[in-house]
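Student: Got a predicted structure here, sequence first:
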Amino acid sequence: MWMEKSSSILKQRIRENKFNAVDFEEELLVREELYRTTQHNKLGPEITRKTIEGEYLVVGCNSTDAVSGYIGVLTLSREEHQIRASWLIEGYKEQNGYGLLFGNILCLNFNYESGINEYDGIVAYHFMTNECIGGLWTEQISDTIGYEMGRKLAYVKKDPLDYFGIN
């Protein structure tokens, strides 16, 4: 499911040529290689609060718009006994959350503001490896479910905001 969902959204972005199709084509190749590598490692590595820290390039699908999807950056960090999360979706939508890691499942409560309203939601990520995650999420304002697939970014080879066409 991880590769199929990631591939679907990235291929749609390539077809739309929204920003820079070459970046999305490169991302698709990186994800295909990561997926092939993951399939050979059936047991998987130990997932810890320390190993999940970092930035992830995520592609997802809003529960209200299953066709075009979105691209964003998820940042995970440790704070005391919690995991802190922040998302930057499409280069400008900020969301923040916190939660905990149980085995290879990360559960987060998140919130964001839109206009004068504040919204809450929950997301559960499954860590297939320390670099490869897949998750489902929902919000208080909707009874539908969105999904998000991500891969951990190496120590910044490239400015993540380049994916949004800002720079």
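Tutor: Thanks, I have the structure now. Because the structure is a prediction, the values reported are computed rather than measured.

Student: Please make it C-alpha for all contacts and neighbour counts, starting now.
Tutor: OK.

Student: And what about Ser7, helix, strand or coil?
Tutor: helix (DSSP: H, G, I helix; E, B strand; the rest coil).

Student: Tell me where the model's unsure across the chain.
Tutor: Scanning the chain with the threshold set as pLDDT under 70 gives 18-19, 38-45, 63-68, 155-167.

Student: in it, what residue sits furthest out from the centroid?
Tutor: Ile116 (25.9 Å; C-alpha atoms, centre = their mean).

Student: Around Asn111, how many other residues sit close by?
Tutor: 18 (other C-alpha atoms under 10 Å).

Student: for Cys107, same thing?
Tutor: When neighbours are counted by other C-alpha under 10 Å, Cys107 registers 21.

Student: Kindly state the beta-bridge partners for it.
Tutor: Leu100, Ala124 (DSSP bridges).

Student: Please name the nearest non-neighbouring residue to Glu139.
Tutor: Ranked by C-alpha to C-alpha, 6 or more residues apart in numbering and with sequence neighbours excluded, the top spatial neighbour of Glu139 is Gly121, at 3.9 Å.

Student: what helix or strand is the one you found on?
Tutor: Assigned by DSSP states H and E, Gly121 belongs to strand 117-127.

Student: and the next element down the chain from that strand?
Tutor: Downstream of strand 117-127 (by DSSP H and E), the next one is strand 132-139.

Student: Pull up the pairing partners for that next one, direction included.
Tutor: In the sheet, strand 132-139 lines up with strand 117-127 (antiparallel), strand 146-152 (antiparallel) (DSSP bridges).

Student: helices and strands around the one helix or strand Met3 maps to, which ones?
Tutor: In this assignment (DSSP H and E), Met3 forms part of helix 2-16. Judged by 3 or more C-alpha pairs under 8 Å, 6 or more residues apart in numbering; DSSP states H and E, helix 2-16 is in contact with helix 21-40, strand 54-62, strand 65-79, strand 146-152.

Student: Please identify the buried residues of the strand holding Gly121?
Tutor: Using 16 or more other C-alpha atoms under 10 Å as the burial criterion, the residues of strand 117-127 that qualify are Asp120, Gly121, Ile122, Val123, Ala124, Tyr125, His126, Phe127.

Student: How far off centre is it?
Tutor: 11 Å (C-alpha atoms, centre = their mean, to the nearest Å).

Student: Kindly report the same for stretch 57-76.
Tutor: 7 Å.

Student: still on that earlier bit, I'd assumed Trp137 was in contact with the residue nearest to Glu139.
Tutor: Yes - with contact defined as C-alpha atoms under 8 Å, Gly121 reaches Trp137; the gap is 7.1 Å.
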